[in-house]
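Trainee: just need the structure, nothing else, for what follows:
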Amino acid sequence: MALKINSQAPDFTLPSTGGKSISLGKELADKPVVIYFYPKDFTPGCTKEACSFRDSYEHFRGLDIDIFGISKDDVASHEKFKETHNLPFDLLADVDGKVCKAYDALVPLIGIPKRVTYLLDKEHKVVGVYSSMFDSLGHIKSMIADSKEKI
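Mentor: The predicted structure follows:
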């Protein structure tokens, strides 16, 4: 079960591509954000999802919405994945899975990240959520629709 609409998104700080750390409460304060959790770099569904966010990036930037992908892969893997697929947004490394757990984005028992996407408003309340392990393109479609209506 994903976080509920109108709930407050948990704050976090994670290492990011580009050699920096990103904090929801600091670097992203007062900004709407799309955060998508995904199982693993370089897998077919995750690659399709990341490239779809890349291809729709200008829509989100036009609304001043930042995009971040989060998985349990380390920064080195994220750097290769980002470079290989020319991703214009940063990927965050949640190697211990604490942020995935806080966002209810871990598959029980096996501990891999679920494919779940959140749209957060400027106060970082959840205004859109889409959860599907197998419909990677549905995440982008849902976030585009929600961003047009709710941001």
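Trainee: and the helices in this structure?
Mentor: With helices called from DSSP state H, the chain shows them at 44-55, 57-62, 75-84, 98-102, 136-150.
Trainee: dump those helices to TSV, plus mean pLDDT and distance to Gly111.
Mentor: (Each C-beta comes from the backbone N, C-alpha and C, glycine too.) Shown next, in TSV, are these (pLDDT from 0 to 100; distance: least, CB to CB, whole Å):
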stretch	mean pLDDT	distance to Gly111
helix 44-55	97	16
helix 57-62	96	29
helix 75-84	98	17
helix 98-102	97	9
helix 136-150	92	20
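Trainee: redo those as JSON lines? Include mean neighbour count and distance to Gly69.
Mentor: Output for the helices of the chain, formatted as JSON lines (neighbours: other CB atoms under 10 Å; distance: least, CB to CB, whole Å):
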{"stretch": "helix 44-55", "mean neighbour count": "17", "distance to Gly69": "6"}
{"stretch": "helix 57-62", "mean neighbour count": "14", "distance to Gly69": "12"}
{"stretch": "helix 75-84", "mean neighbour count": "17", "distance to Gly69": "8"}
{"stretch": "helix 98-102", "mean neighbour count": "17", "distance to Gly69": "12"}
{"stretch": "helix 136-150", "mean neighbour count": "17", "distance to Gly69": "11"}
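Trainee: a markdown table for the ones you listed, including distance to Pro15?
Mentor: Output for those, formatted as a markdown table (distance: least, CB to CB, whole Å):
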| stretch | distance to Pro15 |
| --- | --- |
| helix 44-55 | 18 |
| helix 57-62 | 22 |
| helix 75-84 | 5 |
| helix 98-102 | 11 |
| helix 136-150 | 23 |
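Trainee: among the ones you listed, which comes closest to Leu14?
Mentor: Leu14 lies closest to helix 98-102 among the helices of the chain, at 6.1 Å (CB to CB).
Trainee: from the chain's centroid, how far away is the closest one?
Mentor: 12 Å (CA atoms, centre = their mean, to the nearest Å).
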